[in-house]
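Colleague: Kindly return the folded structure for what I paste below:
(one chain, ligands or ions: 2)
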Amino acid sequence: MAVFTPVSLEDVTQWITQFPLGQALELKGISSGIENSNFFLTTERGEYVLTIFENLSFEQLPFYLNLMRHLADRGVLVPAPIANDKGELITALHGKPASIVTKLEGSSQMSPQPVHCAEVGAMLAKMHLAGLDYKLQQPNLRGLDWWHETTPLVLPYIPEDKAQLLKSEVHYQETFAACDHYKQLQVGPVHADLFRNNVMFDGERLTGFFDFYFAGCDTWLFDVAVTVNDWCINLDTGVLDEARVRAMLDAYHAVRPFTEAETHAWQTMLRAGALRFWLSRLYDFYRPREAEMLTPHDPTHFERILRERIATPAPELF
Ligand SMILES: Nc1ncnc2c1ncn2[C@@H]1O[C@H](COP(=O)(O)OP(=O)(O)O)[C@@H](O)[C@H]1O
Ligand SMILES: N[C@@H](CCOP(=O)(O)O)C(=O)O
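Modeller: Ligands and ions are numbered 1, 2, ... in the order given. Below you'll find the model as predicted:
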């Protein structure tokens, strides 16, 4: 169940005349989303995805939609938002913000091999470089400030050993963020949630990154760490798989070479990537928001990854 706002083909018939897409021919609800109402939309011009945003507002959306447009215009494989006849990427439908983006071919690769990780690494580096001249600014809204504010909200619900780990890791990350190595890290727009379910593959060919609604400006290395922590691990133990890590990092490095400062920050950043999702999953688990997160993700998965990253050094960046 994921279509929160029902839309019929008739509803779209008039609305779509403002887009250069010809007539709407078919509209099919997508059941797998959890945040928004998504539809596959076929028009005379091709196949698209129509999204009605259930939580993000007209004011919040331009950063994400313009970023996708910016990246698509520079050859990064992401859904390209379609502008209406006024040049707008976000238009009201049933009183809520809505957008149409191009449909990516393929499906998510949930059991990736090194070849898939290499594709993701190379495209991620390309995306970081393409974002350099993006003009809109927004911090990563799930970054350090959010960790600081959210930790006290979950502490009452978790046992002492987890509480200790959470507090000490947030403190460790805050201390690191104040050091010179951190300040030298490359920053820019990052996806910040590039998990396997947010990337499409057609066989071994990557067809695109999507779901940019956690994007913000942060260190590029944080993006790499989040991605490695999902794509390159044994899912039962959280232990890194050397072949997949190497494939992803080498492919990234070949497009955008890692810097000296990044090598110093790498182990800490992998911990930051684990902490970010441990904390958001704890928050969603203990303080569920109404009508969202129908089945909260398991927080212990990222607690395990965090403990593993603290205990075992990861392969070097290059
Ligand atoms: N541009 C796209 N091209 C192809 N499929 C897409 C696209 N955008 C979304 N989807 C499909 O819709 C599903 C839900 O999208 P997602 O962004 O995860 O929704 P939500 O934000 O509601 O969680 C995805 O798993 C994917 O199958
Ligand atoms: N990737 C996050 C949750 C965000 O959900 P998404 O479906 O929008 O990627 C997690 O696994 O905790």
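Colleague: send the alpha carbons of the helix or strand Lys126 falls within over as CSV?
Modeller: Using DSSP states H and E, Lys126 sits in helix 114-130. The C-alpha trace of helix 114-130 is given here as CSV (Å, rounded to 0.1, in the frame of the first residue of the first chain):
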residue,chain,number,x,y,z
PRO,A,114,31.9,-6.3,-7.8
VAL,A,115,30.9,-5.4,-11.4
HIS,A,116,27.8,-3.6,-10.0
CYS,A,117,29.7,-1.9,-7.3
ALA,A,118,32.2,-0.6,-9.9
GLU,A,119,29.4,0.9,-11.9
VAL,A,120,27.9,2.6,-8.8
GLY,A,121,31.4,3.9,-7.7
ALA,A,122,32.1,5.5,-11.1
MET,A,123,28.6,7.1,-11.4
LEU,A,124,28.8,8.4,-7.9
ALA,A,125,32.1,10.2,-8.6
LYS,A,126,30.6,11.5,-11.8
MET,A,127,27.6,12.8,-9.9
HIS,A,128,29.8,14.5,-7.3
LEU,A,129,31.8,16.3,-10.0
ALA,A,130,28.6,17.3,-11.9
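Colleague: how far does that helix sit from the chain's center?
Modeller: 14 Å (C-alpha atoms, centre = their mean, to the nearest Å).
Colleague: Show me what that helix is packed against.
Modeller: Counting by 3 or more C-beta pairs under 8 Å, 6 or more residues apart in numbering; DSSP states H and E, the packing neighbours recorded for helix 114-130 are helix 62-73, strand 187-190, strand 199-202, strand 205-209, helix 220-231, helix 242-255. To be clear about C-beta, it is placed using only N, CA and C from the backbone, and glycine gets the same treatment.
Colleague: Would the helix or strand that that helix is followed by count as contacting ligand 2?
Modeller: Next in sequence after helix 114-130, counting helices and strands by DSSP H and E, comes helix 144-154. No. Helix 144-154 stays clear of ligand 2 (C-beta under 6 Å from any ligand atom), getting no nearer than 13.7 Å.
Colleague: Can you spell out which helices and strands pack onto helix 144-154?
Modeller: Here helix 144-154 touches helix 160-177, helix 260-286, going by 3+ C-beta pairs under 8 Å, 6+ apart.
Colleague: what's in contact with the helix or strand immediately after the shortest one in the chain?
Modeller: Helices and strands here follow DSSP H and E; after helix 160-177, the next one along the chain is helix 180-183. The set of residues that contact helix 180-183 without belonging to it, under C-beta atoms under 8 Å, 6 or more residues apart in numbering, is Phe176, Thr219, Ala261, His264, Ala265.
Colleague: could I get those as CSV with neighbour count and distance to Gly208?
Modeller: Shown next, in CSV, are these (neighbours: other C-beta atoms under 10 Å; distance: C-beta to C-beta, whole Å):
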residue, neighbour count, distance to Gly208
Phe176, 17, 33
Thr219, 24, 23
Ala261, 17, 30
His264, 18, 32
Ala265, 24, 28
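Colleague: nearest to ligand 1, of these?
Modeller: When the contacts of helix 180-183 are compared for distance to ligand 1 (C-beta to the nearest ligand atom), Thr219 wins out at 24.0 Å.
Colleague: Hmm, that closest one is touching Leu185, no?
Modeller: Yes. Taking contacts as C-beta atoms under 8 Å, Thr219 lies within contact range of Leu185: 4.2 Å.
Colleague: shared neighbours, these two?
Modeller: By C-beta under 8 Å, 6+ apart, the residues touching both Thr219 and Leu185 are Ala265.
Colleague: residues in contact with Asn36?
Modeller: With contact set as C-beta under 8 Å, 6+ apart, Asn36 has these partners: Phe4, Thr51, Ile52, Phe53, Glu54, Asn55.
Colleague: Does the second one touch Leu93 like I think?
Modeller: No. Thr51 is not in contact with Leu93 according to C-beta under 8 Å; the separation is 9.6 Å.
Colleague: who has more neighbours, the two?
Modeller: Counted by other C-beta atoms under 10 Å, Thr51 and Leu93 do not tie: Thr51 has more neighbours, with 28 against 20.
Colleague: Including distance to His181, could the helices and strands packed on helix 114-130 go into JSON lines?
Modeller: Listed next are these as JSON lines, based on distance: least, C-beta to C-beta, whole Å:
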{"stretch": "helix 62-73", "distance to His181": "27"}
{"stretch": "strand 187-190", "distance to His181": "13"}
{"stretch": "strand 199-202", "distance to His181": "29"}
{"stretch": "strand 205-209", "distance to His181": "28"}
{"stretch": "helix 220-231", "distance to His181": "10"}
{"stretch": "helix 242-255", "distance to His181": "18"}
